[in-house]
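> What follows is a predicted protein model with its sequence.
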Amino acid sequence: MKEGGLEAIEATPPSPAAQLFGWIVGGTAVIVGTVTVVVIVYSVIT
């Protein structure tokens with residue numbers, strides 16, 4: 001920290017568009033994954 005090494009590799013925060021894209025992709029992945037698990041469990045039960 002004394003040498004400023006952390007500041008040299010510090011990244012800028014993501015833009016609002018990148019955050020929105022991340023939320024959309026992440027949310028879609030969670031929904032698809034949840035539906036897949038529910039369909040698998042349903043097919044095993046019946």
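Perfect, I can see it now.

> pLDDT weak spots in the chain?
1-2, 4 (pLDDT under 70).

> where do the helices sit along it?
Taking DSSP state H, the helices of the chain run over residues 5-8, 16-45.

> Check those for me and report the most buried one.
Most buried of the helices of the chain, by mean neighbour count (mean count of other CB atoms under 10 Å): helix 16-45, with a mean of 10. Placement of C-beta: from N, CA and C, glycine included.

> Quick check: Val35 vs Pro14, distance?
Val35 is 28 Å from Pro14, where distance means CB to CB, to the nearest Å.

> any idea how far stretch 21-31 is from the chain center?
6 Å (CA atoms, centre = their mean, to the nearest Å).

> Equivalent analysis for stretch 15-26, please.
9 Å.

> Kindly format the C-alpha coordinates of it as PDB.
Output of stretch 15-26 as PDB, limited to C-alpha atoms (Å, rounded to 0.1, in the frame of the first residue of the first chain):
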ATOM      1  CA  SER A  15     -21.200   1.500 -16.500                       C
ATOM      2  CA  PRO A  16     -24.900   1.500 -15.900                       C
ATOM      3  CA  ALA A  17     -25.400  -0.300 -19.300                       C
ATOM      4  CA  ALA A  18     -23.000  -3.000 -18.300                       C
ATOM      5  CA  GLN A  19     -24.800  -3.400 -14.900                       C
ATOM      6  CA  LEU A  20     -28.100  -3.700 -16.700                       C
ATOM      7  CA  PHE A  21     -26.700  -6.300 -19.100                       C
ATOM      8  CA  GLY A  22     -25.400  -8.200 -16.100                       C
ATOM      9  CA  TRP A  23     -28.700  -8.200 -14.300                       C
ATOM     10  CA  ILE A  24     -30.500  -9.300 -17.400                       C
ATOM     11  CA  VAL A  25     -28.100 -12.100 -18.200                       C
ATOM     12  CA  GLY A  26     -27.800 -13.200 -14.500                       C
END
